[in-house]
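Novice: fold the following, please.
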Amino acid sequence: MEAFDYVVVGAGSAGCVLANRLTDSGRYTVKLLESGPRDTYPWLHIPIGYAKTMFNPRYNWGFQSEPEPHLNGRNIYQPRGRVLGGSSSINGLMYVRGQKRDYDEWAALGNPSWSWERCLPYFRQLEHNDLGPGPTRGTDGPLWATTVPGNNELVDAFISAGEAVGVPKVNDFNSGRQEGVGYYQLTTRKGFRCSTSTAYLRPARSRPELSIEVEAHATRIVFEGSRATGIEYRKGGELRAVRVRREVLLSAGAFQSPQLLQVSGVGNSEHLQEVGIPVVANLRGVGENLQDHLQARLTYEVSKPITTNDSLRSPFGKLGMGMRWAFNRSGPLAVGINMAGMFCSVLPESRTPDIQFHFGTLSADQAAGKPHDFSGCTYSVCQLRPESRGHVRITSSDTRVSPKILFNYLSTELDQRTMVEAVKFTRKVASASPINYLMKREFRPGADIQRDDEILAFVKQFGTTIFHPSCTAKMGRKEDLMAVVDERLRVHGIAGLRVVDCSVMPALVSGNTNVPVVMIAEKAADMILADSQD
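Specialist: Numbers count the residues shown, from 1 in each chain. Modelled structure (predicted):
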């Protein structure tokens, strides 16, 4: 049987970072297991290509939630990357850290080493920021942060409209303060997607200490007593195993890290016994505390043919987009859909921004769907700190069977009130003088939807995820009965096992999750290497 110092399960936003950092010194060997294929599909590297992978089962797990009781019983589609780079290879490319408050709250929840001040060095370490060096920015890291080029009439009008309603214009959402409106930064490099596979794994692939195995699906963690000693996985039709000398590192994401823990006997003992799983460790919090950002998408018909809808309707428009990218690495193909954003507050009691906008020069009935046959744009708005909590629970010992996923969106009065006010504020922005000359009509929800109960009904009928599931193996003190890992990300009560991905967040960050996960992995790698000296 093969043996390695570390086995990393999942070559996604976190796993690729671990594979690079743990083999950098040449002292330790790493086996990286990825259930999906290599990232050779061209659309994985073209920024707008997530429209091609959103529903592609070759590169996307395509999970479905259980019927959501507060979203009219709808099942919510949940794309997750199934390829080298994981979701960083198929996401919307947003380079957003969240708020200083997020990390200080993590620290206050029993994880003092995860404050903003303690995390900031890792944010700076990971990034190559085109805004240049600064107290909160780095320029020597592997992950590129590229500012969307300006000079787009519709997007500039959105930014000016934000200013008109009292939101300050900013060029950097990532200083910790976050409030503002402006162009986003994206994880792109010279017109190509900069996934963690590109940024971290590609430079490390030739190292003799690193073994990468794709299309290798983990089936369970192997234990000897209360120590993790290896991983069993399926390659083709064959069941294989790899032994670990030091630690197993789970980086399989918010759904599959808790799933793998549960099928291996780590979780709520009552639930595990119901499924017929022998209990290794009774940890009630495994799979609980699931959090996500719910978005409402308001679409407008635009009065001028200046949108991506227009380019996509015409063969000549498509040709022009392709040529701009092929010759200059510019245009819509180089930046994706969401070019600008805004962070602000709609509730009077909020101390920091409580909603986020993604503004795109394209409109469709659903994300990555067929564009409307008119010039259109989309104001996507989401609540940043929802109170609603869900869960991930297995129904089978087979990891090829999707677990039951329930988010419980809009289950609290605060969440409902925030989303209603968010829609009302969106309309305020769209009617502001810098942009209203371009807003021909509100297509969805439509001008006839005005009362709060009507707006809430719209959100319940059309609201959906913005793809940030997290917090299902949260970090915290052992005394916290819902904590799964300690602040060094070691699973409570188990030796040789850590979780390193978005699962460990004790609370959802106020923004997109990819960059925070890369930071978590950078910080975890330092912890793992430091602990290896003990």
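Novice: strands of the stretch 201-350 of the chain, start to end?
Specialist: For the stretch 201-350 of the chain, strands defined by DSSP state E, counting those that start in this stretch occupy the ranges 210-214, 216-224, 227-235, 238-250, 266-267, 281-282, 288-290, 294-302, 338-344.
Novice: what about residue 206, how many residues nearby?
Specialist: A count of neighbours around residue 206, defined by other Cβ atoms under 10 Å, yields 7. Where you see a C-beta, it was placed from the backbone N, CA and C, and this is true even at glycine.
Novice: before we move on, what about the one 5 residues further on?
Specialist: Here the number of neighbours of residue 211 (other Cβ under 10 Å) works out to 17.
Novice: what helix or strand is the closest residue to it other than its chain neighbours located in?
Specialist: Leaving aside its sequence neighbours, residue 211 sits nearest to residue 31 (Cβ to Cβ, 6 or more residues apart in numbering; 5.0 Å). Using DSSP states H and E, residue 31 falls within strand 30-34.
Novice: tell me the mean pLDDT for whatever helix or strand comes next after that strand?
Specialist: Counting by DSSP H and E, the next helix or strand C-terminal to strand 30-34 is helix 50-53. Helix 50-53 carries an average pLDDT of 92.
Novice: in helix 50-53, what's buried?
Specialist: 50, 51, 52, 53 (16 or more other Cβ atoms under 10 Å).
Novice: what's the answer for stretch 14-27, then?
Specialist: Buried, per 16+ other Cβ under 10 Å, within stretch 14-27: 14, 15, 16, 17, 18, 19, 20, 21, 22, 23, 24.
Novice: swap in stretch 283-290?
Specialist: 283, 285, 286, 287, 288, 289, 290.
Novice: just give me how far it sits from the chain centre.
Specialist: The chain centroid and the centroid of stretch 283-290 are separated by 19 Å under Cα atoms, centre = their mean, to the nearest Å.
Novice: repeat for stretch 453-470
Specialist: When C-alpha coordinates are averaged (Cα atoms, centre = their mean), stretch 453-470 and its chain have centres 18 Å apart.
Novice: let's number from 4 now, not from 1
Specialist: Got it, the first residue is 4 from now on, which makes the last one we talked about stretch 456-473.
Novice: on that earlier part again, and of the buried residues of stretch 17-30, the nearest to residue 246?
Specialist: Distance to residue 246 across the buried residues of stretch 17-30 (Cβ to Cβ) is lowest for residue 25, with 16.7 Å.
Novice: which of the helices or strands spans the closest one?
Specialist: According to DSSP H and E, residue 25 maps onto helix 18-26.
Novice: ok so, going back, contacts only, for the residue nearest to residue 214.
Specialist: Residue 34 sits next to 5, 7, 9, 10, 11, 214, 216, 245, 247 when contact means Cβ atoms under 8 Å, 6 or more residues apart in numbering.
Novice: what's the PyMOL syntax to select whichever of those are buried?
Specialist: Buried residues among these (16+ other Cβ under 10 Å), as a PyMOL selection:
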select buried, resi 7+9+10+11+214+245+247
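Novice: dump the contacts of residue 34 to CSV, plus pLDDT and distance to residue 413.
Specialist: Rendered in CSV, the data for the contacts of residue 34 read as follows (pLDDT from 0 to 100; distance: Cβ to Cβ, whole Å):
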residue, pLDDT, distance to residue 413
5, 93, 47
7, 99, 45
9, 99, 41
10, 99, 39
11, 99, 36
214, 99, 45
216, 99, 41
245, 99, 43
247, 99, 42
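Novice: quick revisit: local confidence estimate at the residue nearest to residue 214?
Specialist: In this model, residue 34 is scored at 99, pLDDT.
Novice: thinking again about what came up before, could I get the buried residues of helix 53-56 in JSON lines, plus columns for distance to residue 493?
Specialist: Listed next are the buried residues of helix 53-56 as JSON lines, based on distance: Cβ to Cβ, whole Å:
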{"residue": "53", "distance to residue 493": "34"}
{"residue": "54", "distance to residue 493": "39"}
{"residue": "55", "distance to residue 493": "39"}
{"residue": "56", "distance to residue 493": "34"}
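Novice: nearest to residue 229 among those?
Specialist: Comparing the buried residues of helix 53-56 against residue 229 with Cβ to Cβ picks out residue 56 as the nearest, at 39.5 Å.
Novice: now that closest one. Nearest residue, chain neighbours left out?
Specialist: Residue 56 sits nearest to residue 93 (Cβ to Cβ, 6+ apart), 4.4 Å away.
Novice: list the contacts of the nearest residue to residue 302 once chain neighbours are set aside.
Specialist: Nearest residue to residue 302, sequence neighbours excluded (Cβ to Cβ, 6+ apart): residue 366, at 4.2 Å. Counting by Cβ under 8 Å, 6+ apart, residue 366 touches 302, 303, 304, 310, 312, 374, 375, 377, 379, 380, 381, 446.
Novice: thought the fifth one was touching residue 374?
Specialist: Yes - at 4.4 Å, residue 312 counts as touching residue 374 under the criterion of Cβ atoms under 8 Å.
Novice: who touches both of those two?
Specialist: Contacts common to residue 312 and residue 374, judged by Cβ under 8 Å, 6+ apart, are 365, 366.
Novice: with neighbour numbers in mind, choose between these two.
Specialist: Taking other Cβ under 10 Å, residue 312 and residue 374 do not tie; residue 312 has more neighbours (22 against 19).
Novice: from residue 335, how far out is that one?
Specialist: 11 Å (Cβ to Cβ, to the nearest Å).
Novice: what's the neighbour count on the closest residue to residue 57 other than its chain neighbours?
Specialist: Spatial nearest neighbour of residue 57, chain neighbours left out: residue 371 (3.7 Å); criterion: Cβ to Cβ, 6+ apart. Counted with other Cβ under 10 Å, the neighbours of residue 371 add up to 16.
Novice: so residue 371 sits against residue 53, correct?
Specialist: Yes - using Cβ under 8 Å, residue 371 is in contact with residue 53, at 6.6 Å.
Novice: list the buried ones in stretch 437-446?
Specialist: For stretch 437-446, burial by neighbour count (16+ other Cβ under 10 Å) applies to 437, 438, 441, 442, 445, 446.
Novice: distance between the ends of it?
Specialist: For stretch 437-446, the separation between the terminal residues is 20 Å (Cα to Cα, to the nearest Å).
Novice: so, low pLDDT: which residues of this protein?
Specialist: For the chain, the stretches flagged by pLDDT under 70 are 537.
Novice: ChimeraX command for the buried members of the contacts of residue 366?
Specialist: In ChimeraX syntax, the buried subset of those is picked out as below (16+ other Cβ under 10 Å):
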select :302,303,304,310,312,374,375,377,379,380,381,446
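Novice: now tabulate the contacts of residue 366 in a markdown table and tack on distance to residue 485.
Specialist: Output for those, formatted as a markdown table (distance: Cβ to Cβ, whole Å):
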| residue | distance to residue 485 |
| --- | --- |
| 302 | 39 |
| 303 | 42 |
| 304 | 47 |
| 310 | 45 |
| 312 | 45 |
| 374 | 43 |
| 375 | 44 |
| 377 | 48 |
| 379 | 43 |
| 380 | 41 |
| 381 | 36 |
| 446 | 42 |
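Novice: with adjacent residues omitted, what lies nearest to residue 136?
Specialist: That would be residue 142: by Cβ to Cβ, 6+ apart, it lies 5.0 Å from residue 136.
Novice: quick one: that neighbour from residue 93, how far?
Specialist: Taken as Cβ to Cβ, the span from residue 142 to residue 93 is 27 Å.
Novice: neighbour-wise, which of these two wins?
Specialist: Of the pair residue 142 and residue 93, residue 93 is the one with more neighbours under other Cβ under 10 Å, namely 27 against 14.
Novice: that one reaches residue 57, doesn't it?
Specialist: Yes - Residue 93 lies in contact with residue 57 (Cβ under 8 Å); the separation is 7.2 Å.
Novice: who touches both of those two?
Specialist: Here residue 93 and residue 57 have 63, 82 as joint contacts, going by Cβ under 8 Å, 6+ apart.
Novice: return the closest of the contacts of residue 366 with respect to residue 478.
Specialist: Nearest to residue 478 among the contacts of residue 366 is residue 381, at 35.0 Å by Cβ to Cβ.
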